[in-house]
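In: Dropping the sequence and predicted coords here.
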Amino acid sequence: MIKKLLFAVFGTASFISSAQMNSAGDGLTLTNTNWQSNCYANIAPGNGGIMSHGTNIESGNDYIPANLGPYQLVSKAETSGSPGAAWFAIPVINSVCTNLYTEDIGIDMSSNSKVTITAKADEAGAEIEFYLGSEGQWSPTTSTWWTGTAEIKVSHTFAAADVEETFTFDFATANPTGWSDWSGKSKIQSMGFYSKTETATFNIYEIKFGADASDDTGGDDTGGDGGSNGQACATTTDDGQAEATFYTNLEDPSHPMYTGNVTCSYTRADIVGTNYGALETRTLHGTGTYPNFSDPAKYCGMCVEMTGANGTAIIQVVDECPDCWEHNSGDTDIDLSPSAFAAVVGDQSIGRDDMTWEEVSCPWQTPLHIIVQGSNQWGVKVIVGNHVNRIAKVEAEQAGTYYELQRGVDNGWTSYHLPEGTLNEISKTFRVTDIYGSEIIVSGIDFSANPTNSQTDATSNFPACGLTTSTFSPNSLDYVSLYPNPANNTITFEGIEDVRLMEIVNINGQVVASKNFQTSSAQISLDISNLTPGIYVAKMTGDINTGVATFVKK
C-alpha cells in the first residue's frame, strides 16, 4: 500500500534564493543556492515563514537559519485523514526580498503551463508531487491540488539516491480540461509539495516557472538527451486510430477463457487488480505470423500513458489482443483490465471507445527480477519482469564472456540457438539492457537443480527515461488494497482513510451496493455474499481524490 506523506522542514533547512520575474510576468526562475541575494523562499505573508504546514510538516520556529543552502524537505508520517500539501509563497526580488502575495502580483501561466525543477532525493524510488497555487495568504484559495472542479496532479520519481535530477512538468498535458478551466493559472503566487515516500528527504535547487521553464521533455535548457542523468524517452505512440475495450478472463478463474497466463509470461499474481492491457498482436510482435514474427514480444512490459473520456492512467502491456484487428483498421488498440478501463474510459457498459497513448517509463523503482523457466546448466530460458523500461537484450555470462539470448513469442529469453556447451556453469549471471542502453546485472542464480519458475530479484531497476515523466493520476486512491481476492462472502479494504463514498459496480455498469463514510476509517469489511459471482469494480470517491479497485466474487 502506498503511504501518503508530506514534507517537513527541519532545523537548519532553508530555501535561499535568487528569484526574479521576467519582464512579461509570465515566467520566474527561483535559484536556491545564491545566498548573496539574501532572499528566502519561506518568507511568507504570515506564520513566521511557511504559509501552510500541510498535514505532515515539522512546525519548528527556525525557518531562516544562518546555514544557507537548498530547500530541504523532510518527509514524516501522515497525521490527518484529510491530507494537504505544504504551501510556500514564491519569493521575488525587487528592491528588497519579498514574495508574490505581498507584492500582489503573480506569474501568468495561461500560455506557459510548464515548470522545470532541479532536485535530488536521498533514496532511489522516492516520489514527490508538486502543485501550483493562486492567490491566498495562509494557503491558496484555489490550486492544482483542487481547482474547485478538478485536481491536476504531477509527480516525479527519483531514479537514484543523492543525484541531482532535472525534470519538467506540463500541467496542461497532465489534465488538459482541468488546466484550461482553472482561472487561477493567470496569477500563480505559491507552490505546494507533497511526499509519497515517508523516509525520504528532498533538496530543491532550482524551479523555473512558465515561460522560463524548459520546452524539452528532458527538463534542461538544451534539449537532446534529457540531461546528464538519463536518455530522452522513446516516441512510441498510438497510430491515431486507437480504441480501448476491456477483457476479464484473467481476473475471473471461472471465466470460460481463463488460463491464468498472459502472452508476456508474467506471473498472474503480480498482474491481477492492476492497470494492465493487451496490445494488438501485429504491433506487439511485428510483422509475420505465429511463431515467426519479426520482433516477437518487442513491446512486452511497455508502460503507456493512456488518455480517454474518463481520464488518464499508466497502463502496462502484459498480453496480446489477437482479434483487435477485426474491430478497427488501426494497429494500436489495447484491451484493458477492468480497473484500467474504469480509469480511462468509464463504465464497462460503454464497451469500446477512442483513446490515445504514448510510451513512458513504468511508475515504480522496485528491482526488476528474473524468472527461470524449464532450464538447466546447459540451456536456459528466463523471463525478465518488473522492468521500468522495455528490454532490448538479455545476455548470459560464461567465463567472462556474455552471450546474447534470443527472445521468443512468449517473451522468454533462451540460449537454445547457441552451440552446445556454450553455457555450462551451474551459477549463472545475466546482463539485462533496456532500450536506452542502461544495464542491470543479476548474478548468482543456481541452476544445479534444474530450476523452474524460480524468481531472483536484482538490486535495482533502470532509470526512468529522461528522468522527467510527469504523471497525472486520476486513480490517486490506488494505494487502497483489498483481500481476499477472489472472495466468497466478505472482502476487506485497507487504506481507505480518504474515501468518503464507495460504490460497487458490476460488469454492466450497474451500482449494486454503496456505502457512505461519515468518519475516516483505515479498514472496512463488506458483506458480498448476496452478490452474483463475477467481476466487480469498487469506485471510491474522496474529498479530492478518486480511485478504483477490482475484485472477483466467487
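Out: Noted; the coordinates are in hand.

In: give me the low-pLDDT residue ranges for the stretch 451-554 of the chain?
Out: Where the stretch 451-554 of the chain drops to pLDDT under 70, the residues are 466-480, 507-509, 518, 543-547.

In: So this protein: which segments form each domain?
Out: According to automatic domain parsing, the chain comprises the domains 6-210, 243-360, 369-463, 481-553.

In: Columns distance to residue 236 on top of these, output as CSV?
Out: The C-beta positions use only the backbone N, C-alpha and C, and glycine is treated the same way. Output for those, formatted as CSV (distance: least, CB to CB, whole Å):
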stretch, distance to residue 236
domain 6-210, 17
domain 243-360, 4
domain 369-463, 9
domain 481-553, 26
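
In: Just put these in CSV and tack on distance to residue 234 and mean neighbour count.
Out: Listed next are the domains of the chain as CSV, based on distance: least, CB to CB, whole Å; neighbours: other CB atoms under 10 Å:
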stretch, distance to residue 234, mean neighbour count
domain 6-210, 16, 20
domain 243-360, 5, 20
domain 369-463, 6, 17
domain 481-553, 28, 17
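
In: Which parts of the stretch 251-400 of the chain are helices?
Out: 281-284, 338-344 (DSSP state H, counting those that start in this stretch).

In: Reformat these into CSV and put distance to residue 465 and mean pLDDT next to each item.
Out: Shown next, in CSV, are those (distance: least, CB to CB, whole Å; pLDDT from 0 to 100):
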stretch, distance to residue 465, mean pLDDT
helix 281-284, 19, 90
helix 338-344, 21, 91
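
In: Looking at the ones you listed, which is nearest to residue 441?
Out: Set against residue 441 and scored by CB to CB, those come closest in helix 281-284, at 27.6 Å.

In: Can I get the closest one in CSV? Just the C-alpha atoms.
Out: Taking C-alpha atoms only, helix 281-284 is exported to CSV below (Å, rounded to 0.1, in the frame of the first residue of the first chain):
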residue,chain,number,x,y,z
THR,A,281,-0.8,-8.7,-32.0
ARG,A,282,0.7,-7.1,-35.1
THR,A,283,2.2,-4.3,-33.0
LEU,A,284,3.3,-6.4,-30.1
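
In: Which strands and helices lie in contact with it?
Out: In terms of contacts (3 or more CB pairs under 8 Å, 6 or more residues apart in numbering; DSSP states H and E), helix 281-284 is packed against strand 311-321.

In: Would you mind measuring from the closest residue in space to residue 180 that isn't next to it in sequence to residue 237?
Out: Residue nearest to residue 180 in three dimensions, not counting chain neighbours: residue 172, with 7.4 Å by CB to CB, 6 or more residues apart in numbering. Per CB to CB, to the nearest Å, residue 172 is found 18 Å from residue 237.

In: which regions of the stretch 51-200 of the chain sit below the pLDDT cut-off?
Out: The stretch 51-200 of the chain contains residues with pLDDT under 70 at 56-70, 80, 93-97.

In: Going by residue numbers, what spans are helices in it?
Out: Along the stretch 51-200 of the chain, counting by DSSP H, counting those that start in this stretch, helices occupy 100-103, 171-174, 176-181.

In: what about those, which gets the closest to residue 357?
Out: Going by CB to CB, the one of those nearest residue 357 is helix 171-174, 13.3 Å.

In: Tell me which residues are up against the closest one.
Out: Contacts with helix 171-174, where a contact means CB atoms under 8 Å, 6 or more residues apart in numbering, come from 109, 113-115, 132, 144, 152-154, 179-180, 185, 312, 470-472.

In: so of those, which ones are in strands?
Out: Taking DSSP state E as the definition of strands, the contacts of helix 171-174 contribute 114, 115, 132, 154, 312.

In: what's the span of stretch 413-433 from first residue to last?
Out: Counting by CA to CA, to the nearest Å, you get 13 Å between the two ends of stretch 413-433.

In: chain center to that stretch: distance?
Out: 34 Å (CA atoms, centre = their mean, to the nearest Å).

In: Which residue is the nearest non-sequential neighbour of the spatially most central residue of the chain?
Out: Closest to where the C-alpha atoms of the chain average out (CA atoms, centre = their mean) is residue 363, at 3.3 Å. The spatial neighbour of residue 363 that comes closest, neighbours along the chain excluded (CB to CB, 6+ apart), is residue 314 at 5.3 Å.

In: correct me, but the one you found touches residue 305?
Out: Yes: taking contacts as CB atoms under 8 Å, residue 314 lies within contact range of residue 305: 5.7 Å.

In: Apart from its chain neighbours, what residue comes closest to residue 529?
Out: Counting by CB to CB, 6+ apart, residue 529 lies nearest to residue 489, which is 4.2 Å off, once chain neighbours are set aside.

In: Report the contact partners of the one you found.
Out: 527, 528, 529.

In: What of residue 511?
Out: 503, 504, 505.

In: Using JSON lines, lay out the residues you listed together with secondary structure and distance to residue 329.
Out: What follows is the contacts of residue 511, written out as JSON lines (DSSP: H, G, I helix; E, B strand; the rest coil; distance: CB to CB, whole Å):
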{"residue": "503", "secondary structure": "strand", "distance to residue 329": "36"}
{"residue": "504", "secondary structure": "strand", "distance to residue 329": "37"}
{"residue": "505", "secondary structure": "strand", "distance to residue 329": "32"}
